[in-house]
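Colleague: My questions are about this predicted structure, shown below with the sequence.
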Amino acid sequence: MQQLVIFGGTFDPIHWGHLLVAETALHQVSLEKVIWVPSRNPPHKQAALFEHRVEMLQLATKDNPAFTVSLVEVKRSGISYAINTLIDLSTYYPNTHWYWIVGLDTFQTLPRWYRVHELAQMCDWLIAPRLLGGETITQSELICKQVEEQLKEQSISIHWQFLDIPLVGVSSSIIRKFCHKRQSIRYLVPEPVRAYITNNNLYSDKSE
C-alpha cells in the first residue's frame, strides 16, 4: 500500500514555508508523493484567481519529482470541503494510506469540519507547528491533545503527529501585505513565483 499526503490550502501565494513543510513530511513519514491541492472555493476566505494560484504552485514545485499539483477541484462549483477532495483523490490513487498536512491553527478547527466523522477515519494528520503564535512544541502538543479530546466527545478517534520542521516566520498574508505596500518579497517565495506575482501585478491595488 502506497503512502501519500494531501497538502491542501489556498496557497495565496505559495512560499518557502509551505515547501519546507512538504519536504519535511515527505521524509519524516516516508511518503511516495505530496499532492498539492489548491482550494478553488475556500469556505472561509477570498483568494486570488484559482488559475493564478495553480500556476504559482506549478512553478514552485516543478523541480521536485515527488511533488504533484492536483486539479481535482477545478470543476467543483460549490464550496471546497476536505471530505470531497479526499474521496475524489481516492478514485485516482486506490490502495493508499492517506495523510493530510494541516497547520496548527487549522487543526484546531477540525472538530467543526464538514463530515469530520468520515474524514477522520480516512487519513492520518501531520501537524505543522507555527511561529507567529509563539507557542512552544509542548504548548502545541497540548493544543492538539485538546482537539483529540474534543473529537473523542463526538466518538471520533484520530491519529496525528507533529512535523519536525524549523519554524519559519513567513506567511501568505505577510507576502500579500508586502506586495500591497510594494515591498520586496525576494527570498520569501521561489524566484519564479516572485516573477509571476510581479508580471501579473498580483496583490497590489491594481490586481485582478
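Modeller: Arrived safely, thanks for sending.
Colleague: going forward, measure contacts between C-alpha atoms and count neighbours the same way
Modeller: Noted.
Colleague: mind listing what's buried in stretch 180-192?
Modeller: His180, Ile185, Leu188, Val189, Pro190 (16 or more other Cα atoms under 10 Å).
Colleague: any idea of the pLDDT on the residue lying closest to the fourth one once chain neighbours are set aside?
Modeller: Same thing as Val189. Distance criterion Cα to Cα, 6 or more residues apart in numbering; nearest residue to Val189, sequence neighbours excluded, is His15 at 4.4 Å. Per-residue pLDDT puts His15 at 97.
Colleague: ok, now how distant is His15 from Gln121?
Modeller: Distance of His15 to Gln121, computed by Cα to Cα, to the nearest Å: 30 Å.
Colleague: Next: Pro192.
Modeller: From Pro192 to Gln121 the distance is 38 Å (Cα to Cα).
Colleague: Now do the contacts for the residue nearest to Val189.
Modeller: Shown in contact with His15 (Cα atoms under 8 Å, 6 or more residues apart in numbering): Val170, Ser171, Ser172, Leu188, Val189, Pro190.
Colleague: Gln58: neighbour count?
Modeller: Neighbourhood size, Gln58 [other Cα atoms under 10 Å]: 18.
Colleague: Can you tell me the element it falls in?
Modeller: Per DSSP states H and E: Gln58 is located in helix 50-61.
Colleague: Now that helix: buried residues?
Modeller: Across helix 50-61, burial judged by 16+ other Cα under 10 Å covers Phe50, His52, Arg53, Val54, Met56, Leu57, Gln58, Leu59, Ala60, Thr61.
Colleague: can you check stretch 32-42 too?
Modeller: Those would be Lys33, Val34, Ile35, Trp36, Val37, Pro38, Ser39, Arg40, Asn41, for stretch 32-42 by 16+ other Cα under 10 Å.
Colleague: Low-confidence bits of the protein, can you list those?
Modeller: In the prediction, the chain carries residues with pLDDT under 70 at positions 42-44, 131-136, 206-208.
Colleague: hmm, try it at 90
Modeller: 39-47, 73-81, 121, 129-141, 165-170, 204-208 (pLDDT under 90).
Colleague: Can you give me the buried ones in stretch 99-116?
Modeller: Of all the residues in stretch 99-116, those buried under the rule 16+ other Cα under 10 Å are Tyr99, Trp100, Ile101, Val102, Gly103, Leu104, Asp105, Phe107, Gln108, Leu110, Pro111, Val116.
Colleague: Identify the bridge partners of the second one.
Modeller: According to DSSP bridges, the partner residues bridging Trp100 are Ile6, Trp125.
Colleague: I'd say it and Gln121 touch.
Modeller: No: Trp100 is not in contact with Gln121 according to Cα atoms under 8 Å; the separation is 11.9 Å.
Colleague: coming back round to it: of the buried residues of stretch 99-116, which is the nearest to Gln139?
Modeller: Comparing those against Gln139 with Cα to Cα places Leu104 closest, at 11.0 Å.
Colleague: tell me the contacts of that closest one?
Modeller: Residues in contact with Leu104 (Cα under 8 Å, 6+ apart) are Ile127, Ala128, Pro129, Arg130, Ser140, Cys144.
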